[in-house]
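1. Got a predicted model here, sequence first, then my questions.
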Amino acid sequence: MLEGKTAVVTGGSRGIGRAIVARLCGDGAHVVFTYRTDGEAAEAVVSGVRAKGGQARAMRLDLADPEGPEELMAAAEALLGGLDILVNNAAVSHARMPLAETDVTFFDRVMAVNTRSVFLTMRYAARRMRDGGRIVNISSVNTARPVPGVGPYSASKGALEQLTAVAAQELGPRGITVNTVSPGATDTEMLHGANPPEALETVARMTPLGRLGQPTDIADVVGFLVGPDGRWVTGQNLRASGGLA
Ligand code: NAP
């Protein structure tokens, strides 16, 4: 389905991003993905893709670096020979913290990773992506279901959703679709790092489909949007949450 297409996925070393890399490579795309800390995990993703006959490369960078996202896009474009698909997946979340106790440095770090990096990769894509391309940004159901203590994270995702909506308007005339995918609670290190087990049992009970999401549940929605069947969907926020929001 994606043979001959090239893709950049941020945060592909674990969790949802790893599943997205596997899905896109399985569909035939040549993928460059990023990681920040765990080179061994990134190499394991590359080996897993190659073992199945796919093509993937890993690049290390900190998306909080103001120069990093554009350098990534330029390096990926040179390596891949062009850009067809961009998936902004990487993000940081945080333990619950009331606004009254949140400091500016912390807020700025969350916004730099979760929002400014997305602005920068999208700006690059707006200039350089081939016509007919696809952009998917990963948000969260937190923007539809506010919960106490996640102000910086929710703010960063709300801004990302607005960037997505505006980019869909601007890039539509070139046949480029731009969408948000908003996971509900999904079984990854991010979720377990920010919530005790009993809280996750409660969320699973509150979810109409009765369980936590799995990374492949989200990757399959991304695969639909970036593939031929997603051609008429743009400017949307698809909540892949088992009905949580
Ligand atoms: P995760 O398991 O924490 O993985 C995050 C990925 O992002 C890792 O590959 C990590 O690389 C990378 N990353 C983090 N900070 C980075 C930085 N400063 N620079 C470059 N890369 C960085 O997260 P996840 O649960 O798969 O989440 C993926 C996306 O889904 C995020 O946008 C998240 O907000 C969203 N989401 C998740 C849930 C959930 O319940 N899991 C719910 C709603 C939305 P390293 O491992 O190398 O640090």
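-> Thanks, I have the structure now. Keep in mind the model is a prediction, meaning the values are calculated, not measured.

2. Now do the contacts for the residue nearest to residue 114 when sequence neighbours are not counted.
-> The shortest distance from residue 114 to any non-neighbouring residue, by CB to CB, 6 or more residues apart in numbering, is to residue 156 (3.6 Å). (C-beta placed from N, C-alpha, C; glycine too.) By CB atoms under 8 Å, 6 or more residues apart in numbering, the contact set of residue 156 is 91, 110-111, 113-115.

3. Around the ligand, which positions in the protein sit nearby?
-> Residues of the chain lying close to the ligand by CB under 6 Å from any ligand atom are 11, 13-17, 34-38, 61-64, 89-93, 113, 138, 140, 183, 185-186, 188-191.

4. picking that back up, report the two of the contacts of residue 156 separated the most.
-> 91 and 111 (10.9 Å; CB to CB).

5. rewinding a little: so which of the contacts of residue 156 is the closest to the ligand?
-> residue 91 (3.3 Å; CB to the nearest ligand atom).

6. quick one: pLDDT of that closest one?
-> We have a pLDDT of 98 for residue 91.

7. What about the nearest residue to it once chain neighbours are set aside, how many residues nearby?
-> Ranked by CB to CB, 6+ apart and with sequence neighbours excluded, the top spatial neighbour of residue 91 is residue 114, at 4.6 Å. As a burial measure, residue 114 scores 27 neighbours (other CB atoms under 10 Å).

8. following the helix or strand bottoming out on mean pLDDT in the chain, which helix or strand comes up?
-> When the helices and strands of the chain are scored by mean pLDDT, DSSP states H and E, helix 189-194 comes last with a mean of 90. Counting by DSSP states H and E, the element after helix 189-194 in chain order, helix or strand, is helix 197-206.

9. can you pull the buried residues of that next one?
-> For helix 197-206, a neighbour-count test (16 or more other CB atoms under 10 Å) marks 200, 203-204 as buried.
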